[in-house]
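Visitor: one predicted model, sequence on top.
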Amino acid sequence: MRKYIEIFKSQLQLDAAYNGWFWANAVASVIGLLIAFSFWHAVYRNTTQIANMNLPKMISYVVIAMLLGNYVSGVGNRLSESIRSGEVAIELMKPYDLLLKLIWIDLGSKVSASVRDSLPLLVIGYAFLGVQAPVSLAGGALFAVSAMLGVLIGTQFDLIIGVLAFWTVNVWGLRVLRRGILSIFSGALIPVTLFPAWLLHISEVLPFQSMVYTPVAIYTGAIPLQAVGMTLLIQAVWLIGLYVLVRLIWSVALRKVVIFGG
Amino acid sequence: MTVWRYARLYLEFVKQVLKVWLEYRVDFFIGALSTIVIQFASLLFVTVVFEHIQQLNGWSFYQILLIYGIAATGRSIHLIFFDNLWTLGWQYIRTGNFDRLLIRPINPLFHLIADRIQQDGVGQLAIGLVVLIVAATHDGTVWTPINLSLLVLLILSSGVIFSAVNLFFATLSFWMVDSLPVIFATFSLSDFARYPLTIYNKGIRVLLTWIIPYGFTAFYPAASILEPAKFGLMALITPLVAVICSVLAYLFWNVGLRAYTSTGN
């Protein structure tokens, strides 16, 4: 009997570890929301407008941006792990394009994450934090398109970081570096329109604000509907550019693998 | 004599780690740079917000920076020296490596901690110190040898509290195999501590003061220096909290260790 109880116990532990991560991430996200909520309420205690945004608008921006910001990372980690373990050599022999495979895995996991993780947080945002609905129906629809483009741009950038595992073993450091750059320039923490002019100019020539700022600004109406066409175009150009860049770095890296004899 | 022996042992561990650092210089650089960039990102965030406001709930920019600086430096002590606590579950217990530590003639907790010195913490320490200096020279505090040494004591306490809380929750791995999600979730509470606790509602303040005392890792130490009239007592309580947390965490660790060894894993 004793051994069966041990098996029973180990299954409990396995399930606990699996569910554990779900709850841990949920707790961390709720904490993030609470901090942002308290922080911005304190900021607006002595003022009603910051860069043409009132408190409800800012809260809407910050909450939606925080949720969307969770999607700009993903499968690069998996790529770097498979490079580090050497598993990539086997992957390369399989009859599919590894990068495309990873992009589709990424999309799959992001769709399921949006139902499992983001939806509950969004409900909390609407119900308790005062998040507003999209500026208009069209704005909501265009937000969805723009957010999709933003997520795809994020995936490409993530793959670039992943491929760099061919050159360094400190993948963790690279990922932290990526997170730092994104938290400044993607707009996940703060609308880039709050930046001082010089920083705003830097941000405008980088691809990062296309990931989060652009879609969320469409959501809140900070980018007016008639200007949305242009911003979508900019996003599309960045997406194609980064996709090509990933391919380039990838082919250089593969040559390196072949030289080392796989 | 044991203390002396352990100090010498620790030095031996450090030597090994330094050899690895020298071997992988690029990685060391990336690691240090990455934590600097993360810290820089949060600093930039605060700076940008303060372009638009004069004060946050009565606290000036440089006062907020002081809170930040204490949090970053305290955290870096934890990151450099106690980072291995995070890995107890997946690198030691799950793999069975922990049994290797148990047969050595030294304290297994010491062994676990000394097994790694986290290079990436060095960058964080550097930026923490810079922020502290900038904040301290601008926040209007008159610095004397007394409050300066107090500041050092409070920062050390901050590092100890971070580490003790992590030790407590890492210990759960003895029952759960890997308690990393619990450590991660608890650690994310420490993000609250980067801002004045006064901006939060009562429930959050009570939680961060009496239950998971992250309030003592940054806000209370900074406040005790900035506003001694109102928060002065916290300067005495903070080191006390650090000691209590360490004792509790270590006792809990011993309970976990006994549970682990008695099941004969």
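Guide: All right, it came through fine. Residues are numbered from 1 along each chain as shown, chains lettered A, B, ... in the order given.

Visitor: list the contacts of the strand or helix carrying residue B:98.
Guide: Assigned by DSSP states H and E, residue B:98 falls within helix B:97-102. Identification of contacts with helix B:97-102 by C-beta atoms under 8 Å, 6 or more residues apart in numbering or on different chains yields B:88, B:91-92, B:108, B:111-112, B:260-261, B:265. C-beta here means a position set from N, CA and C on the backbone, and glycine is covered the same way.

Visitor: what of stretch A:222-232?
Guide: Contacts for stretch A:222-232 (C-beta under 8 Å, 6+ apart): A:52-53, A:61, A:136, A:138-139, A:142, A:145-146, A:149, A:191, A:193, A:214, A:217-218.

Visitor: let's see 6 Å
Guide: A:138, A:142, A:214, A:217-218 (C-beta atoms under 6 Å, 6 or more residues apart in numbering or on different chains).

Visitor: next one: stretch B:220-234
Guide: Here stretch B:220-234 has contacts from B:63, B:66-67, B:70, B:147, B:154, B:235, B:238, using C-beta under 6 Å, 6+ apart.

Visitor: mind listing which of these are in strands?
Guide: With DSSP state E as the criterion, strands contain none of the contacts of stretch B:220-234.

Visitor: could you tell me which residues make contact with residue B:74?
Guide: Per C-beta under 6 Å, 6+ apart, neighbours of residue B:74: B:155, B:158-159, B:162, B:217.

Visitor: nearest to chain A, of these?
Guide: residue B:217 (15.0 Å; C-beta to the nearest C-beta).

Visitor: can you pull the pLDDT of that closest one?
Guide: Residue B:217 is assigned 95 on the pLDDT scale.

Visitor: for the stretch 51-200 of chain A, which residues are neighbours of chain B?
Guide: Residues of the stretch 51-200 of chain A lying close to chain B (C-beta under 6 Å from any C-beta of the partner chain) are A:168-170, A:173, A:176-177, A:180, A:183-184, A:189-190, A:194-195.

Visitor: show me what from chain B comes close to chain A.
Guide: B:27, B:30-31, B:34, B:37-38, B:41, B:44-45, B:48, B:52-53, B:56-57, B:120, B:177-178, B:181, B:184-185, B:188, B:191-192, B:199-200.

Visitor: and with 7 Å instead?
Guide: Counting by C-beta under 7 Å from any C-beta of the partner chain, the positions of chain B adjacent to chain A are B:24, B:26-27, B:30-31, B:33-35, B:37-38, B:40-41, B:44-45, B:48-49, B:51-53, B:56-57, B:120, B:176-178, B:181-182, B:184-185, B:188-189, B:191-192, B:195, B:199-200, B:204.

Visitor: so how far is chain B from residue A:101?
Guide: 27 Å (C-beta to the nearest C-beta, to the nearest Å).

Visitor: what's the local residue count around that residue?
Guide: Neighbour count of residue A:101, defined by other C-beta atoms under 10 Å in any protein chain shown: 13.

Visitor: just the residues contacting the one helix or strand it maps to, thanks.
Guide: Element membership for residue A:101, per DSSP H and E: helix A:98-113. Helix A:98-113 has contacts (C-beta atoms under 7 Å, 6 or more residues apart in numbering or on different chains) with A:71, A:74-75, A:78-79, A:91-92, A:151, A:155, A:159, A:246, A:250.

Visitor: at 8 Å what do you get?
Guide: Here helix A:98-113 has contacts from A:70-71, A:74-75, A:78-79, A:88, A:91-92, A:151-152, A:155, A:158-159, A:246-247, A:250, using C-beta under 8 Å, 6+ apart.

Visitor: any low-confidence regions in the chain?
Guide: Because you didn't say which chain, this covers chain A. In the predicted model, chain A carries pLDDT under 70 at residues A:257-262.

Visitor: the chain in question should be chain B.
Guide: Those would be B:1, B:262-265, if you go by pLDDT under 70 across chain B.

Visitor: just to revisit the earlier point, just the C-alpha atoms of whichever helix or strand comes after the helix holding residue B:98, please, in CSV.
Guide: Once helix B:97-102 ends, the next helix or strand along the chain (criterion: DSSP H and E) is helix B:108-114. Extracted C-alpha coordinates of helix B:108-114, given in CSV (Å, rounded to 0.1, in the frame of the first residue of the first chain):
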residue,chain,number,x,y,z
PRO,B,108,24.2,22.1,4.0
LEU,B,109,22.7,25.6,4.0
PHE,B,110,26.2,27.2,3.9
HIS,B,111,27.1,24.8,1.1
LEU,B,112,24.0,25.7,-0.9
ILE,B,113,24.5,29.4,-0.5
ALA,B,114,28.3,29.3,-1.2
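
Visitor: can you give me the strands in chain B?
Guide: Using DSSP E, the strands of chain B run over B:55-56, B:59-60.

Visitor: so how far is the first one from its chain's centroid?
Guide: Averaged C-alpha coordinates place strand B:55-56 at 26 Å from its chain's average position (C-alpha atoms, centre = their mean, to the nearest Å).

Visitor: what's it packed up against?
Guide: helix A:2-43 (3 or more C-beta pairs under 8 Å, 6 or more residues apart in numbering or on different chains; DSSP states H and E).

Visitor: following the helix it packs on, which helix or strand shows up next?
Guide: Immediately after helix A:2-43, counting by DSSP H and E, sits helix A:55-69.
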